[in-house]
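Undergrad: Give me coordinates for this.
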Amino acid sequence: MGFASVPSAIVVGVDGHRVAVEVHASRGVPGLTIVGLPDASCREARDRVRAAVIASNLKWPDLRITVNLAPSAQRKAGSALDLAIAIAVLVAAGELDPACVAGLSFVGELGLDGTVRAVPGIVPIVDAIRTDRVVVPVASATDAALVQGPEVRAVATLEELLAALCGSEPWPDHDLPPPRAPARVTLDLSDVRGQPVVRTALEISAAGGHHLLMIGPPGAGKTMLASRLPGLLPPLDRASAMEVSRIHSAAGETLHGGLISRPPLRAPHHSATMVALIGGGTDAMRPGEVSRAHGGVLFLDELAEFPPSVLDALRQPLEEGVIRVNRARFSAKLPARFLLVAAMNPCPCGEAGRPGACRCPDGALVRYHRRLSGPLLDRFDLRVDVLRPDVEQLLGGEPGERSADVAERVAAAREIAGRRGVLANAHLRGSELDRWAPLTDDAHELLAATLRSGRLSARGLDRVRRVARTIADLAGHDGSLGTSHIGTALHLRADVRLGAGVLA
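TA: Model (predicted):
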């Protein structure tokens, strides 16, 4: 009869949670039982572990074995505990000296042939471990080494791990791929011909973190413009890069040994479900597209084709920067601070606004416009028309300004916002807005007239002031906001042809 406890960890949402794998082995009817709220994939470890131990030239203990995954009140999902269960069983059965595993944690899935396989979420898992060393699969070792924590040791099979623990063989030294170089930005704003108003809106969006809605006919360049926005954003600092990398690792992506240093761009298809966009869906609470866009850009093309319920689910994370996914037995808080950029046609046929060109019946137009709720539209700081460029601009126009030049101004504006204690001006709230975005008398009167007309809501008022502050920062103006700044912000918020075409 014996007992063993081996540390490991699992991932829930984007966070790692420590788990103690406790094993009790005693005489009785031979068998292996796993308790501690395991899900189906976790319960199936009993068959994987048994086959892997036998494939490693060891005899499976002829004992009654009980495995408890502590804390027992937390749901366990996935196969990351397989390796820890196998080691704990061998220690409890007397096949392995407990001193051999002191100070070690184990993470990995076991194959029936004894191979140790990669598991999703290795970065947050290793980040949660508090032992001196952690044993991980070879395929996960490069990503695990990104965490500035325990020493990482990589193994390919259970057999070579046991040989290293017993001292009969040295720890394996596998050739790991070198970290990849940061991805180069290949999409440049200079490729865009014409579109001066939309280019300005794109720069303001990047500089101030303002959400942008582009409305225009097919082929006007909306997708082309949106795909170049990440190239205008500053690179992520070390802390932000680590946070973004943890999210993508938890989503099952391989980082190839390098932190994600550039703001990500996520562009889900309009058929994406609520779970795919928001996250959850499994006991592991996988992050969705809005979390994968954390620190970068979420681009929703064909916005009006998304289900209205899915779009309205974005309203809370747009305000708070997090997704709170709650289930009956567990919950998770997923980061979701992203820059939302959306594009849509002005009508189903895409030709609204051109006299005699639109072929949509009135009923179709009403249904199309109703797909976007007023509260969602209200959260777009910038709403602009995107018109088709002139033939002369397409065939012989001068190249536009390069992304690198615009990015310099964006970085300078972000630095000014940082001195105010925020990442970007879009995050200024309440008294901060009164302090950093005061109004001249003329600007105050302009806003008052717009509010009296009913064309601007209270929320829209704050958003217009934040956009005006960003416009002033880009122009090098650090004083009170004047009518030129407020007027430009109002123009960029109102110049759309959706429904009645008025401010929210």
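
Undergrad: list the contacts for Ala80?
TA: By CB atoms under 8 Å, 6 or more residues apart in numbering, the contact list for Ala80 reads Ser8, Ala9, Ile10, Val11, Val107, Gly108, Glu109, Val119, Gly121, Ile125. Using the backbone N, CA and C atoms, a C-beta is placed for each residue, glycine as well.

Undergrad: so where does Ala141 fall, helix or strand?
TA: Assigned by DSSP states H and E, Ala141 belongs to helix 138-144.

Undergrad: just checking, Ala226 touches Leu298?
TA: No. Using CB atoms under 8 Å, Ala226 makes no contact with Leu298, being 10.1 Å away.

Undergrad: Need the residues touching each of those two.
TA: With CB under 8 Å, 6+ apart as the test, Ala226 and Leu298 both reach Ala267, Val341.

Undergrad: Neighbour count: the two, which is higher?
TA: Neighbour tally, Ala226 and Leu298, criterion other CB atoms under 10 Å: the higher count belongs to Leu298, 26 against 23.

Undergrad: and the residue nearest to the more buried one when sequence neighbours are not counted, how many neighbours does it have?
TA: Of all residues beyond its chain neighbours, the one nearest Leu298 is Phe338 (4.6 Å), with distances taken as CB to CB, 6 or more residues apart in numbering. Neighbours of Phe338 under the rule other CB under 10 Å: 27.

Undergrad: list the contacts for Phe338?
TA: Neighbouring residues of Phe338 by CB under 8 Å, 6+ apart: Arg266, Val290, Ala293, His294, Gly295, Gly296, Val297, Leu298.

Undergrad: For it, give its distance to Ala417.
TA: 17 Å (CB to CB, to the nearest Å).

Undergrad: Same check on Val297?
TA: Relative to Ala417, Val297 is positioned 18 Å away (CB to CB).

Undergrad: Same check on Leu314?
TA: From Leu314 to Ala417 the distance is 23 Å (CB to CB).

Undergrad: Arg419: neighbour count?
TA: As a measure of burial, Arg419 has 8 neighbours, counting by other CB under 10 Å.

Undergrad: Which helix or which strand is home to Ala239?
TA: Residue-wise, Ala239 maps onto helix 238-250 under DSSP H and E.

Undergrad: Now do the same for Ala504: its pLDDT.
TA: Note on Ala504: pLDDT of 41.

Undergrad: what does Arg75 give?
TA: At Arg75, the pLDDT recorded in the model is 87.

Undergrad: Skip ahead from the helix or strand in which Ile87 is found and say which helix or strand is next.
TA: Here Ile87 sits within helix 82-92, counting by DSSP H and E. Note on helix 82-92: by DSSP H and E, the next helix or strand toward the C-terminus is strand 104-106.

Undergrad: Who are the packing partners of that following strand?
TA: Strand 104-106 is packed against strand 2-12, helix 82-92, strand 133-137, with contacts defined by 3 or more CB pairs under 8 Å, 6 or more residues apart in numbering; DSSP states H and E.

Undergrad: pLDDT averaged over it, what's the number?
TA: Taken as a whole, strand 104-106 carries a mean pLDDT of 97.

Undergrad: Tell me the helices and strands packed up against whatever helix or strand comes next after it.
TA: The helix or strand immediately downstream of strand 104-106 is strand 109-110, counting by DSSP H and E. In this structure, strand 109-110 packs against helix 45-55, helix 82-92, strand 116-117, with contacts taken as 3+ CB pairs under 8 Å, 6+ apart.

Undergrad: Listing partners with orientation, what would you give for strand 109-110?
TA: strand 116-117 (antiparallel) (DSSP bridges).

Undergrad: Next up, the contacts around the spatially most central residue of the chain.
TA: With distances taken as CA atoms, centre = their mean, Arg292 lies nearest the centre of the chain, 1.9 Å away. Taking CB under 8 Å, 6+ apart, we find Arg292 in contact with Ile247, His248, Ala251, Pro264, Arg266.

Undergrad: tell me the least confident of the residues you listed?
TA: When those are sorted by pLDDT, the bottom entry is Ala251 at 90.

Undergrad: Spit out the contact partners of that residue.
TA: Counted by CB under 8 Å, 6+ apart, Ala251 has contacts Pro120, Arg286, Pro287, Ser291, Arg292.

Undergrad: Now flag whichever of these is closest to Gly321.
TA: Looking at the contacts of Ala251 and their distance to Gly321, the nearest is Ser291, at 10.7 Å (CB to CB).

Undergrad: ok, that closest one - contacts?
TA: Residues in contact with Ser291, defined by CB under 8 Å, 6+ apart, are Val14, Ile247, Ala251, Gly279, Ile323, Leu334, Pro335, Ala336.

Undergrad: swap the cut-off to 6 Å and go again
TA: Counting by CB atoms under 6 Å, 6 or more residues apart in numbering, Ser291 makes contact with Ile247, Gly279, Leu334, Pro335, Ala336.

Undergrad: how about the spatially closest residue to it that is not a sequence neighbour, secondary structure?
TA: Nearest residue to Ser291, sequence neighbours excluded (CB to CB, 6+ apart): Leu334, at 4.5 Å. Assigned with DSSP: H, G, I helix; E, B strand; the rest coil, Leu334 falls in the strand class.

Undergrad: buried residues in the helix holding Ala239?
TA: By 16 or more other CB atoms under 10 Å, the buried positions in helix 238-250 come out as Ser240, Ala241, Met242, Glu243, Val244, Ser245, Arg246, Ile247, His248, Ser249, Ala250.
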